[in-house]
Structure formats: C-alpha cells, structure tokens
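Undergrad: what's the 3D shape of this:
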Amino acid sequence: MWSAMSLEDRSDEELMAAYAVGDLDAFAVLYARHRGRILGYLFSRLAGRDESEEVFQKVFARLHGVRQKYRVGTPFLPWVFVLVRNVLIDHVREAQRRRRRLVYSEEAVMGAAVPETVAGGGWLRRTFGRFRPVLGQA
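TA: Okay, the predicted model is just below:
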C-alpha cells in the first residue's frame, strides 16, 4: 500500500488498481477527483438534484461491487463512465416500470365496477355524513 501523501500523485488507473485490492485511501482520492464530473453528468440527464444524488450513490455502490473486476491498465475515466451510464439506464428503466405500475393501478381502480349505491352518492352521504367537521372545534 502507498502512503496517503503519495496517493495524490498517482494516476487514476494506479488508484483504481489499489482500490481493487482493498486500499480505501485510494478510493477516497478517486472519489474526490471525480465526484464533481460524475455529478455534473447526472445533473445534466436527470430531473433534479435529489434524483442525481441518488443515482450518484448507486454508482459508487456499484463501483464498490465491481472493483475487483477492474483490469489493470484499463483507462479509468472511460471505464467508470460506462459504469455511470449503465447505472443511469437501470435507474431510468426502474422509474419507467414504477410509473407503468402506477398507471396500471390507477386504471384498475378507475375501471372497477362501482355499485349503484356508491355511484348515486347515497351510501357515501349516509356513511361519511356523520363525520362532517364542525367549524371551530379542534
């Protein structure tokens, strides 16, 4: 392992190789170096800051999970941006699936048979009429 002082002078590829074998200080330097660039990329492609930061966290979780698969000598920045792109695609697909499920759920509710007593409103008035709020009461 390298000393913390010399890590700043190492290339991204050297740092990633060190992180792949467990050097967390090397990871900290990579994170600090590329945090802004990766977040900027995500900000430009997603709706807001919260969503971008959520995907950003997923990127570094995925990076941690695949760090041992990094091949020494592979240019780090293109490699990590393939990872960023893949995480972003996964996130967008999952968001689309959630929206489709929501739409299908709303359609199921709206398409459900409505009993005459509910449709006429009498049942609702009888059932919920006694719960009318009284002004001035807490």
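
Undergrad: Please identify the buried residues of the longest helix belonging to the chain?
TA: Counting residues, the longest helix found in the chain (DSSP state H) is helix 76-111. Across helix 76-111, burial judged by 16 or more other Cβ atoms under 10 Å covers 76, 79-80, 83-84, 87-88, 91. C-beta here means a position set from N, CA and C on the backbone, and glycine is covered the same way.

Undergrad: same check, this time on stretch 13-26
TA: Quick answer for stretch 13-26 (16+ other Cβ under 10 Å): 13-20, 23, 26.

Undergrad: hang on, the earlier thing: now the buried residues of helix 76-111 as TSV including distance to Leu30?
TA: TSV is the format used below for the buried residues of helix 76-111 (distance: Cβ to Cβ, whole Å):
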residue	distance to Leu30
Phe76	8
Trp79	11
Val80	8
Leu83	12
Val84	13
Val87	16
Leu88	19
His91	21
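
Undergrad: what's the closest of those residues to Glu54?
TA: His91 (7.7 Å; Cβ to Cβ).

Undergrad: Contacts only, for that closest one.
TA: By Cβ atoms under 8 Å, 6 or more residues apart in numbering, His91 lies in contact with 51, 54-55, 58.

Undergrad: Next, give me the two most distant ones among these.
TA: Farthest pair in these, by Cβ to Cβ: Glu51 and Lys58, 10.7 Å.

Undergrad: how near is Arg71 to Pro78?
TA: Arg71 sits 12 Å away from Pro78, taking Cβ to Cβ, to the nearest Å as the criterion.
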